[in-house]
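> let's see this in three dimensions:
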Amino acid sequence: QVQLVESGGGLVQAGDSLRLSCAVSGRTFSRNVMGWFRQPPGKEREFVAAIWIGGSTDYAESVKGRFTISRDNAKNTLTLQMNSLKPEDTAVYYCAAGGGPYVRSLSGYDSWGQGTQVTVSS
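Coordinates of the predicted model:
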């Protein structure tokens, strides 16, 4: 079993940046894919970004060019750098680990963190 703990959320203004981190512990950090999802108020959880163990990445169109996902296997850490934040980025952000292969689907992941709140004011 993999344990995931997110941190770095907060309240920022539109245009600001935030850096989310996910500390990974447990059996192994070498899961095939690590990802970030978010759940806006009153909406379903949605895909944000994913990174394969080999370093390949995938992003939702809404965040492409603004968000960057990275993983540090030595430090067992997953990171999401979020730039040019918009009010529509307001959500609870979750990190996840799994075997894929459908990285944009919740079904591609079997371990989830508790989430961290990101609020972007206009």
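> most centrally placed residue in the chain?
When CA atoms, centre = their mean is applied to the chain, the residue found nearest the centroid is Trp36 (2.1 Å).
> surely Asn32 is in contact with Ile51?
No. Taking CB atoms under 8 Å as the definition, Asn32 is not a contact partner of Ile51, at 10.2 Å. In this view, the C-beta of every residue, glycine as well, is placed from N, C-alpha and C.
> show me which of these two is the more surrounded one.
Ranked by neighbour count (other CB atoms under 10 Å), Asn32 and Ile51 place Ile51 first, with 22 against 14.
> roughly how far apart are Ser121 and Ala50?
28 Å (CB to CB, to the nearest Å).
> how far does stretch 75-84 sit from its chain's centre?
Stretch 75-84 has its average C-alpha position 8 Å from the chain's average C-alpha position, going by CA atoms, centre = their mean, to the nearest Å.
> dump that stretch to CSV, restricted to CA.
What follows is stretch 75-84 as a C-alpha-only set of coordinates in CSV (Å, rounded to 0.1, in the frame of the first residue of the first chain):
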residue,chain,number,x,y,z
LYS,A,75,13.0,12.0,-2.4
ASN,A,76,9.7,10.1,-3.0
THR,A,77,8.0,13.4,-3.9
LEU,A,78,5.5,14.4,-6.5
THR,A,79,5.2,18.1,-7.3
LEU,A,80,2.7,20.2,-9.2
GLN,A,81,3.9,23.7,-10.1
MET,A,82,0.9,25.9,-10.9
ASN,A,83,1.5,29.3,-12.6
SER,A,84,-0.9,31.9,-13.8
